[in-house]
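Trainee: Provided below are the primary sequence and the corresponding predicted coordinates.
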Amino acid sequence: MIVEEKDLIAIEKQLGRRPRGVIAIANRCECGNPTVVSTNPVIEETEPFPTHFYLTCKSLNSAIGTLEASGLMKEYEERLATDEDFAKKYQGAHQDYLTRRNKYGTNEAITNISAGGMPTRVKCLHALIAHSLAVGPGINPVGDDALQRIGNWAKKSCLAEEI
């Protein structure tokens, strides 16, 4: 989705700073504000930036922080170690992420680095959920599951927020 100046203004309010490297709006909330942006793999001409899908919504970020604090990431790590199918799907999510990001260029420093700990760890639910929101369900099993656990986050929070 095309990035308009009003999107950049909304993202700046969400993040508390001007966004860098934004190339597209990858997902929008029900209220129309950006939730996830796609960023260039290299920003400001030299800085490698592996996080192609970047979550911007404050209320969703907060809900994810609560999930991370609950110990859920350890549960996902255990599942990766014991559930071969889950681990295979997570490896596929890693490849999907790299393929989508590499359409916008590559950088040697981040060649095989995706986001969120993929493909062998669960390090950042924010990045994994951003991936799920950007590409839709069925690609990132961790992001999809975490989103289900959060429930309808838009109805709970950001629709009432003024950006």
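Mentor: Sure thing, it's come through. Numbers count the residues shown, from 1 in each chain.
Trainee: helix or strand: which one has residue 26?
Mentor: Applying DSSP states H and E as the criterion places residue 26 in strand 22-28.
Trainee: which helices and strands sit right next to the helix or strand of the chain with the lowest mean pLDDT?
Mentor: In the chain, no helix or strand scores lower on mean pLDDT, DSSP states H and E than helix 153, which sits at a mean of 78. On a contact count with 3 or more Cβ pairs under 8 Å, 6 or more residues apart in numbering; DSSP states H and E, helix 153 meets helix 58-69. Just so you know, the C-beta spots here come from the backbone N, C-alpha and C atoms, and that holds for glycine as well.
Trainee: distance from the chain centre to the helix it packs on, please.
Mentor: 12 Å (Cα atoms, centre = their mean, to the nearest Å).
Trainee: dump the C-alpha coordinates for the next helix or strand after that helix into PDB.
Mentor: Next helix or strand after helix 58-69 toward the C-terminus (DSSP H and E): helix 72-82. Output in PDB follows, covering the C-alpha atoms of helix 72-82 (Å, rounded to 0.1, in the frame of the first residue of the first chain):
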ATOM      1  CA  LEU A  72       4.900 -17.400  26.100                       C
ATOM      2  CA  MET A  73       8.200 -17.200  24.200                       C
ATOM      3  CA  LYS A  74       9.600 -20.100  26.200                       C
ATOM      4  CA  GLU A  75       6.500 -22.100  25.300                       C
ATOM      5  CA  TYR A  76       7.200 -21.400  21.600                       C
ATOM      6  CA  GLU A  77      10.900 -22.300  22.000                       C
ATOM      7  CA  GLU A  78       9.900 -25.700  23.500                       C
ATOM      8  CA  ARG A  79       7.400 -26.300  20.700                       C
ATOM      9  CA  LEU A  80      10.100 -25.500  18.100                       C
ATOM     10  CA  ALA A  81      12.300 -28.200  19.700                       C
ATOM     11  CA  THR A  82       9.600 -30.800  19.900                       C
END
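Trainee: can you list contacts of helix 72-82?
Mentor: 86-87, 90, 120-123, 125, 142, 145-146, 149 (Cβ atoms under 8 Å, 6 or more residues apart in numbering).
Trainee: now, of those, which are buried?
Mentor: Neighbour counting over the contacts of helix 72-82 (16 or more other Cβ atoms under 10 Å) leaves 86-87, 90, 122, 125, 142, 145-146 as the buried ones.
Trainee: residue 88: how many residues sit nearby?
Mentor: Per other Cβ atoms under 10 Å, the neighbour tally for residue 88 reads 12.
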